[in-house]
Every structure is written in C-alpha cells, then in structure tokens.
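Asker: Dropping the sequence and predicted coords here.
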Amino acid sequence: MELLFFIIGAGIFGFGVYLIYDHINYERIAMETKGKVVGFKVSKSSKNNDIYKPVVESYFGEFTSGYGSSIPPYEIGERVDVLYISGKEPRLKSNMPYYMGIILMLFGGIFCLIFFSIFSFTAYHFLSSLFFLCIIAVFVRKKLKANGIDSLDEWKEKIVLKQEQTEDSEKHIIRNRADLEKIHARQQKMIKFVGPVFAIIGLGVIGFGIYLGLERYDFLETAVPASGTVIDFHESRSDDGYTYYPIVEYTPPGSYEAVTFRHDTGSNPPSFQKGEAVEVLHLPDTPDVAIIDKGIFNWTTSIFVTCFGLLFTMAGLAATVNSVKRNKRSKFA
C-alpha cells in the first residue's frame, strides 16, 4: 500500500519531465511563423467550469491550442508566434508546457518526498515500484499503439477529434470580440480579488513553512542522538480512517531511566514495526522532546508546506499579472 505514494509520485513527476522534454524537442526542430488569435474554443473541465483554448489562424491553417485556461489568455485579433513541424499539428508558442511540467514535477516530488520521509526505502521497494511502473508503462504504450498513437501530438489529436465528434464545435467557439469582452468584464471583478488573495495566502503558507524549518533547525542544532525501539502505535482516527504514530522508548545517554515519546509523523499503514530499532534525536534537557531521526527527511514537513505555499503564490501572482496585462491591452484596443 505504501508503494502507491512512490508509484503515483514517480508517475506524475515523470509525466511532468516528459511534457517539458517534448516541448523543448518540438521547439528545437519546428519552423516558426506568425499567427492570429481568431477565437476561443470553450470546453468544460471536470468541475464543469469553462476552459478557453485559443483558436489560431496561421499560414499552416487554423488550429486550436492544446492548452487552455479558465481565463482567456489573449485578445481576439492578437498576433502570436506559431510553431510547425511538417505532418504534425501546429502549436502555439507558449511557456504553458513548462509551467505545467514544473507543477506536475512539484506534485510528484511531494508524493515521493512523503514516501521517503515516512517509509524506509529498501531494495524491495525499489524493485517492486520499478516492476509496477514498467507494467503500467507497457500497458499504456500498448493501448496507445492499438489506437494508432505514437506521440503526444497524436494523442491530443485523438482527444480533439473525439470531442468534435460528440459536439458541434462551432457552437462552442467564441469569435466575436464583444462576446469576449463580456466574459472579461464578468471575470475581472472576481480576478481583481482572487489573485491577490491567493498570493497573500500563499505567502502566509510560505512564512509558516519557513517558521517550521527554523524551528526544526533550532531543534537539530541542540539535539543529541540515541538508540530506541518502537514499542507501540498511537491510533488517530479521522474521516479518512486511522493514522498510526509510532511510540518509541529509549534511554538517554548517561541515564538509567527509559523515556517514551510519540513521533510527530504518522501513516497508514504504519511505517515501522513493533520492536524495530530506530535512531532518535532528543533535547538534552528535555528528553521527552524527541523525534525518530530520518536524516534529510527530518525537513519534510517544512518543505511540503513551503512548496504548497509556492504553488498558491505562483497562481495568485499569475492571475494578477494577467489581469493587469489585460487591462492595459483593453485600454489601447
């Protein structure tokens, strides 16, 4: 069960790397030309929100960008850069694949970090996860091959074709600038507040992550090592089930009295076994203030919190910057 953290994390991280690699490789060999945004194709997200994908007119024909957002990122009539490789669908030159890849790598990295910080990574875990990842990769590859898909572009084309077969695409394309302005006006009121609020929340979470990091740094600077044993587990119940926190017993150096403490990180299933020997770090003057020593992964909580704060801040700043740019464009339009 614990392998799911690593398998999911490694899969998400790998897909993020692939998105970046695929776009770099495409840009390296593609021809570049100019195009014009002539509209936005509207589709629904999993939460039933509108997603706007730019429809671009270029020398190589009209195409819809593979990436969209909940806020139209361009104006109708705006000139844009287009990339094209013979025999493939043109692409809008954009940094979106890099942003998406980095976000996926962050999420995948967080999952892997959780796994490494909670569970002991053994040769069994490595071989098992490699085995399952290979099976998943082979299965996905066979499915794609069976549908005549050999690349990311062909996969996107299949999805677009399927969507066009199930709906009248022209009814879902905004080509009128006045209609787009109505959407901008409706969204502008919300974005004016949502962007800064997200950024402020993100900065607050980053500050909390830094505080946790400084607190852990102070602890590690004064803590001394000892050897202990997991003697039991504290069960904490929530709506998602039980979380098991290891209870450790150890004897501080120079003392004959055993001390017990509850480790600050729990998991389900338990990350240790009863009777398992562990290394402990504790404060010399207050031996009940202690943790199981996980090396570099002692910093997991602060890194985890800080990364989430960064994601919130980036989302808030991006929304705010886009809102300012859109206001400037509308003034000069």
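Answerer: Cool, the structure landed. Residues are numbered from 1 along each chain as shown.
Asker: residue contacts, V278?
Answerer: Taking C-beta atoms under 8 Å, 6 or more residues apart in numbering as the definition of contact, the neighbours of V278 are S227, G228, T229, V230, P246, V248, F272, I292, D293. (Each C-beta comes from the backbone N, C-alpha and C, glycine too.)
Asker: need the strands for the stretch 151-300 of the chain, in chain order.
Answerer: All strands of the stretch 151-300 of the chain, identified by DSSP state E, counting those that start in this stretch, fall at 173-174, 224-238, 241-250, 259-262, 277-282, 290-292.
Asker: Can you tell me which of those strands is packed in deepest?
Answerer: Each of the strands of the stretch 151-300 of the chain was scored by mean neighbour count; the highest is strand 290-292, a mean of 22, by mean count of other C-beta atoms under 10 Å.
Asker: Identify the neighbouring strands of that strand in the sheet and state each direction.
Answerer: For strand 290-292, the paired strands and their directions (DSSP bridges) read strand 277-282 (antiparallel).
Asker: got the angle between the partner strand and strand 241-250?
Answerer: Direction vectors for strand 277-282 and strand 241-250, defined by axes from the mean of the first three to the mean of the last three C-alpha atoms, to 10 degrees, enclose an angle of 80 degrees.
Asker: For this protein, name the helix or strand with the lowest mean pLDDT.
Answerer: The element with the least model confidence among the helices and strands of the chain, by mean pLDDT, DSSP states H and E, is helix 152-166, at a mean of 54.
Asker: re earlier: from the contacts of V278, pick the one nearest I135.
Answerer: F272 (28.6 Å; C-beta to C-beta).
Asker: for the nearest residue to E235 once chain neighbours are set aside, which residues make a bridge with it?
Answerer: Closest residue in space to E235, ignoring its immediate chain neighbours: Y242 at 5.2 Å, by C-beta to C-beta, 6 or more residues apart in numbering. For Y242, the beta-bridge partners are R237 (DSSP bridges).
Asker: contacting residues around Y242?
Answerer: Contacts for Y242 were tallied using C-beta under 8 Å, 6+ apart; they are E235, S236, N268.
Asker: quick one: stretch 297-304 to chain centroid distance?
Answerer: A distance of 17 Å separates the C-alpha centroid of stretch 297-304 from that of its chain, computed with C-alpha atoms, centre = their mean, to the nearest Å.
Asker: quick one: contacts for the residue nearest the centre of the chain?
Answerer: With distances taken as C-alpha atoms, centre = their mean, the chain has F107 as the residue nearest its mean C-alpha position (3.1 Å). With contacts defined as C-beta under 8 Å, 6+ apart, F107 is in contact with G9, I12, F13, G16.
Asker: For the third one, give its distance to M314.
Answerer: The spacing between F13 and M314, counted by C-beta to C-beta, to the nearest Å, is 18 Å.
Asker: which of those two has more neighbours?
Answerer: Set side by side, F13 and M314 give different neighbour counts by other C-beta atoms under 10 Å, the larger being at F13 (20 against 17).
Asker: Would you mind confirming that the more buried one is in contact with I110?
Answerer: No: look at F13 against I110 with C-beta atoms under 8 Å: they stay out of range, at 9.4 Å.
Asker: ok, the residue of the chain most remote from its centre - contacts?
Answerer: When each C-alpha in the chain is compared with the mean C-alpha position (C-alpha atoms, centre = their mean), Y256 comes out farthest, at 48.2 Å. Listed by C-beta under 8 Å, 6+ apart, the contact set of Y256 is empty.
Asker: Over to the one 4 residues further on?
Answerer: By C-beta under 8 Å, 6+ apart, the contact list for T260 reads I231, I247, V248, E249, D288.
Asker: redo that, cut-off 10 Å
Answerer: Each residue near T260 by C-beta atoms under 10 Å, 6 or more residues apart in numbering is listed here: G228, I231, D232, I247, V248, E249, Y250, P287, D288, A290.
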